[in-house]
Every structure is written in C-alpha cells, then in structure tokens.
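In: pasting the structure only:
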C-alpha cells in the first residue's frame, strides 16, 4: 500500500521552529518530486514547497521564502520541511504528496498519495 505519514507538527509560539517529516512507505521516494501543502480552516489547500526528484530544485511559496526549507533524504525515504520564524498565519494542517502530473508546482490536482496531515499551530 502506497502512503505517506507526516509527523512533527505541534503547538509553537510565534518566532519558533518546527521540522516536519514525511515518510513514504510502499514505494521508493526517489522516483518522485514531492510537494508540501497546507490547509487552514475555511481556506483552500495551498502549495507551500516543492522539491524535485534529485533534490536539486526547490520552490517555496512567496510568504515562506527565507523561513522554510524543504529537503529530502532518499536513503531514508523521507522528505522534510524545516520551518523557522513561524507566524500565526502559518497555522494549518500540513500535507505531503507525490507529484504525478505536469503543470504548476502548487496545483494540488497534479499530486497523489496524500498523507493524513500534521497539525501546526502557531500561537502565544
């Protein structure tokens, strides 16, 4: 069974940091580009970060540039999202998924095998 398991979320104060992990099972991660998305209550799911199969190319949503870093360890079959200088507006459920279609990197319809998500809450 192909699936992702996200972890690392939690409650953090503004300005704090979290490191999210996305572990794949049932398939080899290094065959795929991966995206991190998030969905806040009452809002649509939005793309946060993207990493190519090799890890040589990354893209970040403008509002997280300079604060978030996406990386991957293919040997561990895991993708990470390091989040620093967190803000209240980063509060959301964060998901990872495999990109299996052409188009914009942040088009969620081009992704598959979504995990269950991990909650990130930024609050004082």
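Out: Happy to help now that I have it. Since the model is a prediction, treat every value here as computed from it, not as a measurement. Residues are numbered from 1 along each chain as shown.

In: might you list the low-confidence residue ranges for this protein?
Out: Under the criterion pLDDT under 70, no range of the chain is flagged.

In: in it, which residue is most central in space?
Out: Closest to where the C-alpha atoms of the chain average out (CA atoms, centre = their mean) is residue 36, at 2.3 Å.

In: did I read that right, that one in a strand?
Out: Yes: counting by DSSP: H, G, I helix; E, B strand; the rest coil, residue 36 is part of a strand.

In: which ones are touching it?
Out: Shown in contact with residue 36 (CB atoms under 8 Å, 6 or more residues apart in numbering): 20, 22, 47, 48, 49, 50, 70, 79, 81, 94, 95, 96. For the C-beta atoms, the positions are set from N, CA and C on the backbone; glycine is no exception.

In: so the first one sits right up against residue 80, yeah?
Out: Which is residue 20. Yes: counting by CB atoms under 8 Å, residue 20 touches residue 80, with 6.6 Å between them.

In: out of these two, which sits in the busier spot?
Out: residue 20 (24 against 20; other CB atoms under 10 Å).
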